[in-house]
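Student: Need a 3D model of the following:
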Amino acid sequence: MSSFLRTMKEHPGWANVLMAIGLTIVIVILVFIWLNFYTHHNQSVTVPNVKGMTIEQASEIFDREGLRYDIIDSVSSRDVKPGAIVEVVPSAGSKVKNGRIIFVTINSLTSMLATIPEVADLSARQAMAQIQARGFTNVEIQYINGDYKDLSVDIQLDGNTLAKGEHAPINAHLILRVSNGIPESDVDSISPDSIPVEDVNSADEKWF
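Tutor: Below is the predicted model of the structure:
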């Protein structure tokens, strides 16, 4: 030990080198300790499946798991109710660090609108194709009296006739009215007053 100290005194340059190496080793050790604490080494959280939940419900779960969230987008989806979560990034089941921000996409609170097409004088099949092409899926056919069978008359929503170019929610319950081939005049003509009644005093009955 004494010879080592004597050597360091005789060669002060080596002492400086050894001090620098020792200081570097200490700094590296301290950096690893800090990184291990800062990144929560070997500690991870599973992203919960919150699809279909409201943001209030999901917030409680995120807080419990030590996660944060940020709403980044709003879309229109038929898969979940308005205001519910449609997608999360990273996806459910992924392993993330504690405190990680989860990016959330929610379903729009208002339904997306689409334009009503012209369906008058089209066949029922053509009219249905036109309606579905605009994005409407909840469409019911209702037959009414009319001269031509399977001929489209109009589109109704809540009892009101929709004109071409009007807008309606794509998930609205639309009624496509189609004629059944029975003219109104034929229906009106069938009444008790129109049924012929034979006169009992006719000439054919005067046998006496």
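
Student: tell me the pLDDT at residue 188?
Tutor: At residue 188, the model reports a pLDDT of 55.

Student: do the same with residue 19
Tutor: 72.

Student: and it, that one's in a strand?
Tutor: No - assignment of residue 19 by DSSP: H, G, I helix; E, B strand; the rest coil gives helix, placing it outside any strand.

Student: Would you confirm that residue 67 contacts residue 46?
Tutor: No - the pair residue 67 / residue 46 is not scored as a contact, 9.8 Å apart, by Cβ atoms under 8 Å. (Glycine included, C-beta is placed from N, CA and C.)

Student: between these two, who's got more neighbours?
Tutor: Using other Cβ atoms under 10 Å as the criterion, residue 67 and residue 46 rank with residue 67 on top: 21 against 12.

Student: Could you pull up the residues touching that one?
Tutor: 45, 47, 96, 98, 99, 100, 101, 102 (Cβ atoms under 8 Å, 6 or more residues apart in numbering).

Student: Just the buried ones out of these, please.
Tutor: Buried members of these, scored by 16 or more other Cβ atoms under 10 Å, are 45, 47, 96, 100, 102.

Student: Which ones among these lie within strands?
Tutor: Secondary structure from DSSP state E places 45, 96, 102 of the buried ones among the contacts of residue 67 in strands.

Student: joint contacts of residue 67 and residue 46?
Tutor: residue 96.

Student: Domains in the protein, by residue range?
Tutor: Using automatic domain parsing, the domain parsing of the chain gives 2-28, 47-107, 113-183.

Student: Quick one, grab the pLDDT at the closest residue to residue 153 other than its chain neighbours.
Tutor: Distance criterion Cβ to Cβ, 6 or more residues apart in numbering; nearest residue to residue 153, sequence neighbours excluded, is residue 177 at 4.4 Å. Listed pLDDT for residue 177 reads 97.

Student: Show me how far the one helix or strand residue 177 maps to is from its chain's centre.
Tutor: Assigned by DSSP states H and E, residue 177 belongs to strand 174-180. Its chain's C-alpha centre and that of strand 174-180 lie 29 Å apart, by Cα atoms, centre = their mean, to the nearest Å.
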